[in-house]
Each structure stands twice: as structure tokens, then as C-alpha cells.
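*Asks:* how would this look folded up:
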Amino acid sequence: MIQISKCLPQGGSLAKAMLARASEVVLDWDVRQKSRFETTDSLGRTLGVFLPRGTVIRGGDVLVGEDGSMVRVTAAPQSVLKITHCKEHGTPFDLIRAAYHLGNRHVPIELKPDHLKIEPDHVLAEMLQAMHLIVNAVDEPFEPESGAYSSGGHDHAHHHDHDHSHAH
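*Replies:* Here you go, the predicted model:
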């Protein structure tokens, strides 16, 4: 078994050529939010994953084994509800309202400019339909927002490079 204790978000600074040789593992959201699990990669090797508590694995991340092997993570398609606004009777603002109501229920939610995704839940589906949103069951990868309190390793400093609004 290959022990894995490191996850490089989106492959970190690894060279593309190195990543091209990496094996692959396809994981759904339930598994990607666990810090300890066993899985099998595309070469049939058993991986024992022991990541720091609270680590969330995203599609595109790379798991690094203690033996140096690298495994690319692909987010598996899974049953989700895809929520879009009604083009005839609604506006994109309806999605903002829906995201607010779902967020109040602490539901994992994937936010996109033109749709939301949540895990299947018929009570929530009915609530959203009552708000005139279109709810479709689809099989797609699920990448929900990380919680406001999680220690996501995303550095947002690069957004300030082009800020020309400061007073001269």
C-alpha cells in the first residue's frame, strides 16, 4: 500500500511533464472531504490516504505518496441537482436568492455564474421549484464552496496586483 500524506492543490508547482506521468484516481465528493480513506488508483495500486484533518481534495489536486509517486485526482460525476433560473419568468438574481436560502441551511453548494449545484434532496428541490427555479437531476462532478471557516490554502494576494484604484 502506498501511504499518502500530502495533497498539492491543483498540482502546485509541479511540471506538466511530471503530472502527465502521474496515475489517476476518481473520487466523489463524499470521499474528497475525508482526510483518511483507502482507494485504488488507475494502476491498480492501493492508496492509504492520511491527510491533515479538514483537508478537502478538489478535482485537479495531486496526491503525493511517501514513495514519491504522484496521483492526479479527478472529481467523479455523481448525482447532483443542477439549479438554473427560468429564462422566461426569472432573472439570474433568483440564483443569488436560492444560494442565500441554501447557505442558511448549511448545505454544501457549488456556485457558478449561471447555475448552482447541491446534493439530491427532494425537500430542497421543491423549495427551489416554488421559487420558480429550474431543478434538474444530473450526473456531474461536485465541487462545493469550501466553508467560510475552513483553512483553505488559497492565497488571494494575487488579486491585488492590478488594483489601480488607490488615491495618488
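
*Asks:* what sits against the spatially most central residue of the chain?
*Replies:* Closest to where the C-alpha atoms of the chain average out (CA atoms, centre = their mean) is residue 143, at 2.2 Å. Residue 143 makes contact with 29, 58-59, 75, 110 under the criterion CB atoms under 8 Å, 6 or more residues apart in numbering. In this view, the C-beta of every residue, glycine as well, is placed from N, C-alpha and C.

*Asks:* now, which of the residues you listed lie within strands?
*Replies:* Counted as lying in strands by DSSP state E, out of the contacts of residue 143, are 75, 110.

*Asks:* among the contacts of residue 143, who's most crowded?
*Replies:* residue 29 (22 neighbours; other CB atoms under 10 Å).

*Asks:* Near the nearest residue to it once chain neighbours are set aside, how many residues? Count them for me, please.
*Replies:* In space, and not counting its chain neighbours, residue 29 is closest to residue 142: 4.4 Å by CB to CB, 6 or more residues apart in numbering. Residue 142: 22 surrounding residues under other CB under 10 Å.

*Asks:* Could you tell me which residues make contact with residue 142?
*Replies:* 28-29, 75, 78, 80, 108, 110, 117, 119.

*Asks:* Now for residue 63, which secondary structure element holds it?
*Replies:* strand 62-65 (DSSP states H and E).

*Asks:* From the contact counts, what lies against that strand?
*Replies:* strand 2-8, strand 46-50, strand 70-75 (3 or more CB pairs under 8 Å, 6 or more residues apart in numbering; DSSP states H and E).

*Asks:* Paired strands for the shortest one, with orientation please.
*Replies:* What it means is strand 46-50. In the sheet, strand 46-50 lines up against strand 2-8 (parallel), strand 36-40 (antiparallel) (DSSP bridges).

*Asks:* quick one, which of these is packed in tightest?
*Replies:* Of all the strands paired with strand 46-50, strand 2-8 carries the top mean neighbour count, a mean of 18, counting by mean count of other CB atoms under 10 Å.
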